[in-house]
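Undergrad: fold the stuff below for me.
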Amino acid sequence: MNKSMRRRTLIVLALAALAGAVAPQADAGRGPCIPGKRHPLCYHWSARVTAVHDGDTITVNTRGGAPGLQRIRLTGINAMELKVYSSNPDLRRGYCHAVAATSRLQKLIRSAGNRVRLSAQRPSSRSGHRLRRSVAIRSHGRWLDLSQVLINEGHALFHPNRVEWARNARYAKGAQRAARRGLRLWDTDFCGTGPSKGARFRIWVNWDADGTDG
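TA: Down below sits the predicted model:
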């Protein structure tokens, strides 16, 4: 094979790999993002969770084998970070609320036999090297959105997304309710005194910031 043909072959292979990375998987279904609402529409995939890394990151298998392993960032939330990762909850260490959020997510997923449904408005949605997906489990005959549960219970902060926006309004309301109730992350004295007790600082708040408020 000459250099020109070899170069064309490599280009074709690279384009094929890129298409596979961003296109919907063959088994992806299409339907409403939120049950009971006709729009917007999402792609949906069935998957099995193989690992829970922290309160907002998991690894799933979508094809039944090693090539199907994908790291997933849960859409719409931000949980506190772990410092020591482990499948054993007793061995985990992290910032205040990190261990509790991870354990809660793991418990929810295990209650469904590690079977989940992944959803996205765009199959190419990413957060760095992780695919960005809404993750739901089947519970009592309906789909239970895990990001919504973690927000409602104060385990995670609402993290708006302009691409995967379908659930933003619901998450925002859940975060407001959790804040009013002072749940977990919203409990102002739960984590104890910080490292700089007595520090004095100023805050300037612009009530009408530049740009679109939405």
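Undergrad: hey, let's count contacts and neighbours off CA atoms from now on
TA: Will do.
Undergrad: of all the strand elements in the protein, which one is longest?
TA: strand 41-54 (DSSP state E).
Undergrad: partners of the following helix or strand past that one in the sheet?
TA: Tracing the chain past strand 41-54, the next element assigned as helix or strand by DSSP states H and E is strand 57-61. Its sheet considered, strand 57-61 pairs with strand 41-54 (antiparallel), strand 69-74 (antiparallel) by DSSP bridges.
Undergrad: show residues contacting the longest strand of the chain.
TA: Applying C-alpha atoms under 8 Å, 6 or more residues apart in numbering, the contact partners of strand 41-54 are 24, 27-33, 58-63, 79, 81-82, 85-87, 98-99, 101-102, 105-106, 109, 114-123.
Undergrad: which parts of that strand are buried?
TA: Buried residues in strand 41-54, counted by 16 or more other C-alpha atoms under 10 Å: 41-49, 51-54.
Undergrad: what about Y171, how many residues nearby?
TA: Counted with other C-alpha atoms under 10 Å, the neighbours of Y171 add up to 23.
Undergrad: rewinding a little: what would the buried residues of strand 41-54 look like in CSV with distance to R132 and pLDDT?
TA: Output for those, formatted as CSV (distance: C-alpha to C-alpha, whole Å; pLDDT from 0 to 100):
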residue, distance to R132, pLDDT
L41, 16, 97
C42, 13, 97
Y43, 12, 97
H44, 12, 96
W45, 13, 95
S46, 15, 95
A47, 14, 96
R48, 16, 96
V49, 15, 97
A51, 16, 96
V52, 15, 97
H53, 15, 97
D54, 15, 97
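Undergrad: so where do the helices sit in this structure?
TA: Ranges of helices in the chain, per DSSP state H, are 3-22, 98-111, 146-152, 168-181.
Undergrad: mean pLDDT lowest for which of the ones you listed?
TA: When these are compared by mean pLDDT, helix 3-22 comes last with a mean of 48.
Undergrad: next one: the residue positioned nearest the centre of the chain from W186, what distance?
TA: Nearest residue to the geometric centre of the chain (C-alpha atoms, centre = their mean): L74, 0.6 Å. Relative to W186, L74 is positioned 20 Å away (C-alpha to C-alpha, to the nearest Å).
Undergrad: got it, and S196?
TA: 20 Å.
Undergrad: same check, this time on I137
TA: According to C-alpha to C-alpha, I137 and W186 sit 26 Å apart.
Undergrad: just the buried residues from the contacts of strand 41-54, in ChimeraX please.
TA: Remark: buried members of the contacts of strand 41-54, expressed as a ChimeraX selection using 16+ other C-alpha under 10 Å:
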select :24,28,31,32,33,58,59,60,61,62,79,81,82,85,98,99,101,102,105,106,109,114,115,116,117,118,119,120,121,122,123
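Undergrad: can you list contacts of stretch 133-150?
TA: With contacts defined as C-alpha under 8 Å, 6+ apart, stretch 133-150 is touched by 72-77, 101, 104-105, 108-109, 112, 115-120, 125, 156, 170-171, 174.
Undergrad: hang on, A172 packs against F158?
TA: Yes. The pair A172 / F158 is scored as a contact, 6.4 Å apart, by C-alpha atoms under 8 Å.
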